[in-house]
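> would you be able to build a 3D model of this:
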Amino acid sequence: DGKSVQRARYPAAAISECFGRYEEPCFPRTQPGRLRQLIEHIPELIDDMATGSDGPVAIAVSGGSDSLGLMLLAHRWASARSRKLVVLTVDHRMRAESAAEVAHVCKLANELGLEARPLACAVPPTSQSEARQARHRLLATAAGEAGTGLLLIGHTRSDVEETFLMRLRRGSSLTRAAAPSPLSVSPVWPEGRGLTLARPLLGQRRSEIQSWLTENKIGWFTDPSNDSVSYERGRVRRDLRSLTSGHALAKIIDDAAALRALEDRKLADDIRKHVAVDAAGLVQIQSMPERQSSVLRLVSTVVLAAS
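Okay, here's the model as predicted:
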């Protein structure tokens, strides 16, 4: 239960004990270093994530190794399935090189026979958080214009590890620190209404993607701010590189993700049982779950959705 996890102070064995033999992987994964599986497995994951949609699929590509690798793998998937893939690339206008990088991404996409749509911030953001919000608004708007409800994002296992440590430092609960998820809703409103974000690469570390690109003689852009210790994520990346072994961290993250999946499923069940939405869009909580923690999650989720 939740109290046991809090008292455990995050060791993997104690977390595992809370859900016994629950072994379903919450982050899609291939065996580390087996690049052939990367080529074979990722298109299968995209297939699963695109289940239920038969229109175009959008993909966000910055020109960095992660998103570029995903674009090449998604292109293989789209070609095999006769699906339309639309490449969206954003110029945040925060660096002098960014416009040229966007143009290069569009050129690569066009060479693959893909439609590419360059996007740009009207006003350069002043922080990474502002840049993220602006990027998601542009991507969600463009995805809607392209007629798709699915946007592929190139987050990797490395991003999960970084986010996990960043959120724990801010006092997040263990399960909420296990992010991003393989599937989630767009974080912006109203532009992101009806848009699902899919992350097929969450089982792969950045180094594996880069090794695969290098083997295929494909280059990528590197944003210096990603590793700058001026930003929190850059400092966390530096700390992760200093780890002699990441096995313990990997186990903790996997267990936290499994717990989060269980919590989310419980929340989904509570929403189905206790919440109704009428034709006019009025959201009503018609009854309450028995557990207080479930009540708090249900009410906060409904309030967030309604606002």
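> report how many residues lie close to residue 90.
Burial of residue 90 is recorded as 24 neighbouring residues (other CB atoms under 10 Å). Bear in mind the C-beta positions are built from the backbone N, C-alpha and C, glycine included.
> next, work out how far apart it and residue 265 are.
For residue 90, the distance to residue 265 (CB to CB, to the nearest Å) stands at 33 Å.
> now the strands for this protein?
57-60, 85-91, 115-120, 150-152, 183-185, 196-198, 275-277, 283-285 (DSSP state E).
> what's the closest of those strands to residue 224?
For the strands of the chain, proximity to residue 224 was assessed by CB to CB; strand 85-91 is nearest, at 16.2 Å.
> contact partners of the closest one?
56-63, 71, 74-75, 78, 98-99, 101-102, 105-106, 109, 114-121, 135, 138-139, 142-143, 146, 148, 151 (CB atoms under 8 Å, 6 or more residues apart in numbering).
> for the record, mean pLDDT for stretch 44-53?
Taken as a whole, stretch 44-53 has a mean pLDDT of 88.
> which residues are contacting that stretch?
In contact with stretch 44-53 (CB under 8 Å, 6+ apart) are residues 28, 57, 73-74, 77, 81, 83, 148-150, 152, 182-183, 198, 200.
> let's see 6 Å
Identification of contacts with stretch 44-53 by CB atoms under 6 Å, 6 or more residues apart in numbering yields 28, 57, 77, 150, 198, 200.
> neighbours around residue 142, how many?
By other CB under 10 Å, the residues close to residue 142 number 21.
> can you tell me the closest non-neighbouring residue to it?
Of all residues not flanking residue 142 in the chain, residue 88 sits nearest, at 5.0 Å (CB to CB, 6 or more residues apart in numbering).
> tell me what the one you found is bridged to.
For residue 88, the beta-bridge partners are residue 60, residue 117 (DSSP bridges).
> distance check, the residue lying closest to residue 57 once chain neighbours are set aside against residue 100.
Leaving aside its chain neighbours, residue 57 sits nearest to residue 150 (5.1 Å; criterion: CB to CB, 6+ apart). For residue 150, the distance to residue 100 equals 29 Å [CB to CB].
> again, but for residue 272
Counting by CB to CB - residue 272 and residue 100 are separated by 49 Å.
> tell me the average confidence for stretch 110-120?
Averaged across stretch 110-120, pLDDT comes to 97.
> that one: which residues count as buried?
Neighbour-count burial for stretch 110-120, counted by 16 or more other CB atoms under 10 Å, picks out 112, 114, 116, 117, 118, 119.
> next, the contact list for the third one, please.
When contacts are counted by CB under 6 Å, 6+ apart, residue 116 touches 87, 106, 109, 110.
> from those residues, list the buried ones, please.
Of those, these count as buried by 16+ other CB under 10 Å: 87, 106, 109.
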